[in-house]
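J.: model this:
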Amino acid sequence: MEAPTPASALIHSSAMVIAGIYLMMRLGDLFYLTNYISKTCTIVGSITAVYTGFVACFQVDLKKILAFSTVSHLGLMVGGCGLGMYDTMLVYLLNHSLSKCLLFFCAGVVIVYCLNIQDIRKMGNLSNYLPIVMYAYLLSSFSLIGWPFFNGFYAKHLVL
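T.: Below you'll find the model as predicted:
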């Protein structure tokens, strides 16, 4: 959690997410050998998605909010892999990686602008000072939440 923002972007949007979920996709044929494994992945992934999404709502550190959001999306991807939706999870994985990387870079700009303060309670009115970052943050957020006509909308619609 204490890594610089570019390192966090690499860890949370690329290495950690892609490696683990891609390995689950590659080993997907083993899930069909026993029904227990696929049911366990679906249940654990669903619980993880809901729980960490709920925890992210009560965080005040900007990078922790993004980290818990990443884990919530990981839970959704694990649940989807447990259901055998590997093609859809690949599209969702790519969408998540690109959008989350942009979010972390925007968060890095905001943190540097706020003189290394990560507490969102001490931030405010940044849209007047960083309008381009605000639009990039909104674009990435809309893609991650599944706003209509963004890439995340089509990926999440297939998942849910």
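J.: tell me which element the most centrally placed residue in the chain falls in.
T.: With distances taken as C-alpha atoms, centre = their mean, the chain has T70 as the residue nearest its mean C-alpha position (3.2 Å). Using DSSP states H and E, T70 sits in helix 62-82.
J.: Would you confirm that V78 contacts G45?
T.: Yes - counting by C-beta atoms under 8 Å, V78 sits close enough to G45 to count as a contact (3.3 Å). C-beta here means a position set from N, CA and C on the backbone, and glycine is covered the same way.
J.: So for the helix or strand following the helix holding T70, mean pLDDT?
T.: Using DSSP H and E, the helix or strand that directly follows helix 62-82 along the chain is helix 86-113. In this model, helix 86-113 has a mean pLDDT of 88.
J.: Check the gap between A49 and L93 for me.
T.: 14 Å (C-beta to C-beta, to the nearest Å).
J.: Ok, V110 next?
T.: Per C-beta to C-beta, V110 is found 26 Å from L93.
J.: And for A107?
T.: Counting by C-beta to C-beta, the gap between A107 and L93 amounts to 21 Å.
J.: in the helix or strand harbouring H157, what's buried?
T.: In this assignment (DSSP H and E), H157 forms part of helix 151-159. Of the residues in helix 151-159, those buried by neighbour count under the rule 16 or more other C-beta atoms under 10 Å are N151, G152, F153, Y154, A155, K156, V159.
J.: That helix vs helix 86-113, what angle?
T.: Helix 151-159 and helix 86-113 meet at an angle of 140 degrees, taking axes from the mean of the first three to the mean of the last three C-alpha atoms, to 10 degrees as the criterion.
J.: Identify all contacting residues around helix 151-159.
T.: Applying C-beta atoms under 8 Å, 6 or more residues apart in numbering, the external contacts of helix 151-159 come out as 76, 80, 85, 88-89, 91-92, 95-96, 99, 142-147.
J.: now do 7 Å
T.: Around helix 151-159, the neighbours that count as contacts under C-beta atoms under 7 Å, 6 or more residues apart in numbering are 76, 80, 85, 88, 91-92, 95, 99, 143-147.
J.: which of these tops the neighbour count?
T.: For the contacts of helix 151-159, the largest number of neighbours (other C-beta atoms under 10 Å) sits with G80, at 28 neighbours.
J.: give the contact list for that residue.
T.: T88, M89, V159.
J.: Swap in 10 Å and give it another go.
T.: 21, 24-25, 41-42, 45-46, 49, 86, 88-90, 92-93, 155, 158-160 (C-beta atoms under 10 Å, 6 or more residues apart in numbering).
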